[in-house]
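K.L.:
quick one: sequence plus predicted model below, questions after.
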Amino acid sequence: MARKIAVGMAEYRVSNDPEDVLCVLGLGSCVGVCLYDPVRRIGGMVHVLLPEHLPGQSNPFKFADTAVPALLAEVEKAGANRRNIFAKISGGAKMFSGADTLFDIGKRNAEAVKEALKVLGIPLKGEDVGGNRGRSIFFYLEDGRLEIKILGRDVMVI
């Protein structure tokens, strides 16, 4: 029986139990980043709030530029092989109409996550970012699928 494990803001979770489902409820401008090793069935998720690390902040899981490498390190520590790891991401919505690009935190979060993955050489195998609606995500460690629920729409699986 699947066990749902919530990932709060600026938090991460890693598991090697294929019964686990890592989830974030109510992603808006934040981005959920999922890393998965399909050979060893080890995965992790981080709930990113902002694109860039701010001076004086000690939590690396809050910022895209530090959260992605920190999550990778934790997934590897749990036994994942970097050569097998891929990523899936979701979130990054524009939650306030009329916001210009500077204040479109969702877009900036998604771009920063993609850049961090690129720098680390982690392939992005699926994404659902942008738009103007929040979403909830469910990352299944049995097979690495990411289920995305947006209010008023059919469930999407990537």
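P.N.:
Here it is on my side, so go on. Numbering: from 1, shown residues only.
K.L.:
quick one: the strands in this structure?
P.N.:
Counting by DSSP state E, the chain has strands at residues 3-6, 12-15, 20-27, 31-37, 42-48, 86-91, 124-129, 135-140, 146-149, 156-157.
K.L.:
format these as TSV; extra columns: mean pLDDT and distance to residue 105.
P.N.:
(Glycine included, C-beta is placed from N, CA and C.) Formatted as TSV, those follow (pLDDT from 0 to 100; distance: least, Cβ to Cβ, whole Å):
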stretch	mean pLDDT	distance to residue 105
strand 3-6	97	22
strand 12-15	98	19
strand 20-27	97	12
strand 31-37	98	10
strand 42-48	98	10
strand 86-91	98	11
strand 124-129	97	12
strand 135-140	98	15
strand 146-149	98	19
strand 156-157	93	22
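K.L.:
which one of the ones you listed lies closest to residue 107?
P.N.:
strand 124-129 (8.2 Å; Cβ to Cβ).
K.L.:
beta partners of the residue nearest to the spatial centre of the chain?
P.N.:
What sits nearest the mean C-alpha location of the chain, by Cα atoms, centre = their mean, is residue 33, with 1.4 Å. Following DSSP bridges, residue 33 is listed with bridge partners residue 46, residue 89.
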